[in-house]
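Enquirer: Need coordinates for the below:
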Amino acid sequence: MSLLKVQQVGKNVNAKTLKSVQEKNRPFKQYLRTKTPYDSITYKRYRNRLSKVLSISKKTYYNKYFIQNSSNIKNTWKGIRELISNKKATTISIPSKLIFSDKSETKDAKQTANTFNKYFSSISETLSSSNPNMCSLSYIHE
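Expert: Numbers count the residues shown, from 1 in each chain. Modelled structure (predicted):
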């Protein structure tokens with residue numbers, strides 16, 4: 001159970017639904033204060049009804065969106081991406097510090113990248129030397 005923030009709801013809701021989201025937090029706070037079964041049931045019922053309303057609202061919004069943008073492929077794919085993932089693309093960062101098996105460490109980004117590269121590029125050689133039948137690349141040399 002948690003508080004639902006208005007920012008988390010999205011652009012597919014109307015003013016009544018936003019008010020319902022704000023109202024949802026009241027039974028939840030009451031339950032946190034009292035911890036009674038009655039307040040728990042009250043909160044859960046309200047939460048479940050709100051979830052249904054939000055789901056219907058989302059379906060309605062995207063139905064209208066795809067009908068309006070049926071001739072615009074760029075906006076159609078934008079809508080599809082919104083449905084598939086709510087997350088923005090995250091940047092991938094390398095670790096700030098790398099500790100080797102001999103307990104030495106480095107903070108140099110280039111050395112860390114080279115160490116990972118060396119490790120991952122040597123995996124196939126390690127596998128083929130431990131079991132020659134597992135990874136046969138003889139067709140490459142022919």
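Enquirer: Quick check: buried residues in the helix or strand hosting Lys19?
Expert: Assigned by DSSP states H and E, Lys19 falls within helix 15-34. Under the neighbour-count criterion of 16 or more other C-beta atoms under 10 Å, helix 15-34 has 17, 20-21, 24-25, 27-28, 30-31 buried. In short, each C-beta sits where N, CA and C put it, glycine included.
Enquirer: Save these as CSV, and put in pLDDT too.
Expert: Below are those laid out as CSV (pLDDT from 0 to 100):
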residue, pLDDT
Thr17, 76
Ser20, 78
Val21, 77
Lys24, 77
Asn25, 81
Pro27, 85
Phe28, 86
Gln30, 87
Tyr31, 87
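Enquirer: of those residues, closest to Ser71?
Expert: Thr17 (28.9 Å; C-beta to C-beta).
Enquirer: what's the helix or strand for the nearest residue to that closest one once chain neighbours are set aside?
Expert: The shortest distance from Thr17 to any residue other than its chain neighbours is 5.6 Å, reached at Ser57 (C-beta to C-beta, 6 or more residues apart in numbering). Assigned by DSSP H and E, Ser57 belongs to helix 37-68.
Enquirer: Would you map out the domains in this protein?
Expert: Split into domains by automatic domain parsing, the chain comes to 6-84, 98-141.
Enquirer: next one: the first one to chain centre, how far?
Expert: Taking the mean of its C-alpha atoms, domain 6-84 sits 18 Å from the chain's own mean (C-alpha atoms, centre = their mean, to the nearest Å).
Enquirer: repeat for the shortest one
Expert: Between the mean C-alpha location of domain 98-141 and the chain-wide mean there is a distance of 30 Å, by C-alpha atoms, centre = their mean.
Enquirer: Cool, thanks, talk later.
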